[in-house]
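J.: Sequence and predicted structure are below.
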Amino acid sequence: MLAASASSVLGQASANIAAGRAQPSPLAPSEIVARAPKADWTEIAQSDLLVMDLTPDAKGKPRRVVIQLMPPPFSQGWIGNIRKLAAARWWDGTAINRVQDNYVVQWGDPDADDKAKAKPLPAGLVTVPESEYTVQADHTLSGMGPVVHEPDVRQISGIDRYAPATGFAWGWPLGLERRHGRFSARDLKRDPQSNVSLAWPVHCYGMVGVGRDLSPNTGTGAELYTVIGHAPRHLDRNIALVGRVIEGIEFLSSLPRGHGALGFYDLAQGDERTGIVSIRLASEMPTDKPFPAYEYLSTESQSFAAYADARANRRDDFFIRPAGGADVCNIPVPVRRVK
C-alpha cells in the first residue's frame, strides 16, 4: 500500500511539461519526513524506553543508548522480564560481551555460563514459549485505540525471501502470513485484516533481540543483542525481538570486534569488554534532569505512505532510475526527539 506509483508521478511530470510549467523536483524521503505534520507523529511512552549507559569512552565522553520496547501483543513475556531486570538494576556492572562484524552486539553477564560465578537473576522471571515468536493477526490488528488511525497493516508489495509478505503496524516492521496459501498482488489491495493470519517482528538494523541457548530454550531477556549489520532475516521467528535502538547505535556499532568464536570477546587474545554502568527504564531515571521525549512517524499516516514510496522509488535529482520496490528493512521508521 504505497502512496503513489512511478507511472503516476511520471504522468504528472509529462503533463507539467506539456503545459509549459516548471517540473518540481520530487521530495527526498528526508524532506517528506521533515514536512510531516505533528498529527502524523506518535509519542513514545517513557515506560517503553530502556536507557543503557556504557562506561565513558577513552576521552571521558558519556555513551548512552536508548532502546524503544515493542508494544503489545509482541514479545510481552520477554519484555515483562526485561522490565523486572531493569527495576532490579540487574545489568549494572555487566558488560558488552560480543561484537561480531556485520552482525550483532550482545550484552549481559560475562560469567553467565559459569554457574559458580553467574549473577543471580531476580525472582519472578517467566519462561516464554516459542509460540510467542509470532502472534495471531486478529490480535495484532485490533484494539489499539487512539494510537493508530485504524486497525491496518501497511503492506509492502514485492517478493520477500523470508516471509510471504511484509509490512508495518504501530511503527514496526513485520513479517506477515495469510490464512490460506500465498499472497498475490490482489491480496495486497484488499482488507489486510481478512487476509493476514500471523505477524511477527523482523530483524532489521538496530532491532534488539533476546539471546538464547538451543531450542526449546527461548532466553529470559537477561542476554540482549542488537543488529549492527545487514539484516539477518534468517533469525526471524527463531529468536524473540523486543525492541529497537532509537538513539546511540553508534556507540555499539563502533566497538572493537571480538576475536573469539562468533565475535565474543576473548580476554586471552587481548580483547577488552566495554562495561555497562546502568540500564533503566526512562520512567525510572532521576528526575533532577528531564529525560528527552521521543516520537515516531505513524506507519498508518499518509506521510509514512509517501515516505515509504519515496524510499522504494527514489525520484529526487541524484537518482536515474526508481528501483520499483524496497526491502522492508530499507524503510526504517523515522524516530526523533520531541522539540
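T.: Alright, I've got the coordinates.
J.: Now do stretch 213-223: everything it contacts.
T.: Outside of stretch 213-223, the residues that reach it under the criterion CB atoms under 8 Å, 6 or more residues apart in numbering are 78-79, 81-82, 85, 90, 106-109, 112, 121, 125, 127-130, 132, 210-212, 239-240, 242. Bear in mind the C-beta positions are built from the backbone N, C-alpha and C, glycine included.
J.: Now do the buried residues in it.
T.: By 16 or more other CB atoms under 10 Å, the buried positions in stretch 213-223 come out as 218-223.
J.: just checking, which of those residues belong to strands?
T.: Secondary-structure check on these using DSSP state E: no residue lies within strands.
J.: Specify which member of these is nearest to residue 263.
T.: Of all those, the one with the least separation from residue 263 (CB to CB) is residue 223, at 14.0 Å.
J.: Quick check: pLDDT value at that closest one.
T.: Residue 223 is assigned 98 on the pLDDT scale.
J.: low-confidence ranges in the stretch 51-200 of the chain?
T.: For the stretch 51-200 of the chain, the stretches with pLDDT under 70 are 137-158, 179-196.
J.: With adjacent residues omitted, what lies nearest to residue 292?
T.: residue 337 (5.0 Å; CB to CB, 6 or more residues apart in numbering).
J.: What ranges does the stretch 201-339 of the chain have for its helices?
T.: In order along the chain, the stretch 201-339 of the chain carries the following helices (DSSP state H, counting those that start in this stretch): 250-253, 302-312.
J.: so residue 280 bridges to which residues?
T.: Beta-bridge partners recorded for residue 280 (DSSP bridges): residue 51.
J.: which one of the helices of the stretch 201-339 of the chain has the most crowded surroundings?
T.: Neighbour counts averaged per stretch over the helices of the stretch 201-339 of the chain are highest for helix 302-312, at a mean of 22; criterion: mean count of other CB atoms under 10 Å.
J.: Quick one: list the elements packing against that one.
T.: Contacts of helix 302-312 with other secondary structure elements, assessed using 3 or more CB pairs under 8 Å, 6 or more residues apart in numbering; DSSP states H and E, are made with helix 29-35, strand 154-156, strand 294-297.
J.: residue contacts, residue 171?
T.: By CB under 8 Å, 6+ apart, the residues touching residue 171 are 42, 296-299, 333.
J.: Excluding sequence neighbours, find me the nearest residue to it.
T.: residue 296 (4.5 Å).
J.: And that neighbour, how far from residue 304?
T.: When CB to CB, to the nearest Å is applied, the distance between residue 296 and residue 304 equals 9 Å.
J.: Identify the bridge partners of the nearest residue to residue 206 once chain neighbours are set aside.
T.: Distances taken as CB to CB, 6+ apart place residue 245 nearest to residue 206, at 4.4 Å, with adjacent residues excluded. For residue 245, the beta-bridge partners are residue 67 (DSSP bridges).
J.: now do residue 200
T.: In this entry, residue 200 is beta-bridged to residue 175, by DSSP bridges.
J.: give the contact list for it.
T.: Applying CB under 8 Å, 6+ apart, one finds that residue 200 lies in contact with 74, 133-135, 163, 174-175, 236-237, 241.
J.: how does it look with 6 Å?
T.: Applying CB atoms under 6 Å, 6 or more residues apart in numbering to residue 200 gives the contacts 134, 175, 237.
J.: Neighbour-wise, which one of those leads?
T.: Among these, residue 175 has the most neighbours (other CB atoms under 10 Å), with 22 neighbours.
J.: wait, doesn't it sit right on residue 163?
T.: Yes - with the criterion set as CB atoms under 6 Å, residue 175 and residue 163 qualify as a contacting pair; they are 3.4 Å apart.
J.: OK, contacts around residue 210?
T.: 78, 219, 221, 240.
J.: how close does residue 38 sit to residue 311?
T.: In this structure, residue 38 and residue 311 are separated by 22 Å, where distance is defined by CB to CB.
J.: Work out the gap between stretch 162-174 and the centre of the chain.
T.: A distance of 11 Å separates the C-alpha centroid of stretch 162-174 from that of its chain, computed with CA atoms, centre = their mean, to the nearest Å.
J.: try stretch 69-87
T.: Taking the mean C-alpha point of stretch 69-87 and that of its whole chain, the gap between them comes to 15 Å (CA atoms, centre = their mean).
J.: Next: stretch 47-64.
T.: 19 Å.
J.: How far does that stretch stretch from one end to the other?
T.: Using CA to CA, to the nearest Å, the end-to-end distance of stretch 47-64 comes to 17 Å.
J.: What residues of it count as buried?
T.: Going by neighbour count (16+ other CB under 10 Å), the buried part of stretch 47-64 is 48-54, 63.
J.: list the contacts for residue 310?
T.: Taking CB under 6 Å, 6+ apart, we find residue 310 in contact with 29, 32.
J.: now swap in residue 55 and tell me
T.: Contacts of residue 55 by CB under 6 Å, 6+ apart are 275, 277.
J.: quick one, phi psi at it?
T.: Reported as degrees, to the nearest 10, the phi and psi values for residue 55 are phi -60, psi 150.
J.: any idea how far it is from residue 263?
T.: According to CB to CB, residue 55 and residue 263 sit 20 Å apart.
J.: thinking again about what came up before, tell me the bridge partners for the residue nearest to residue 171.
T.: Residues in a beta bridge with residue 296, per DSSP bridges, are residue 42, residue 335.
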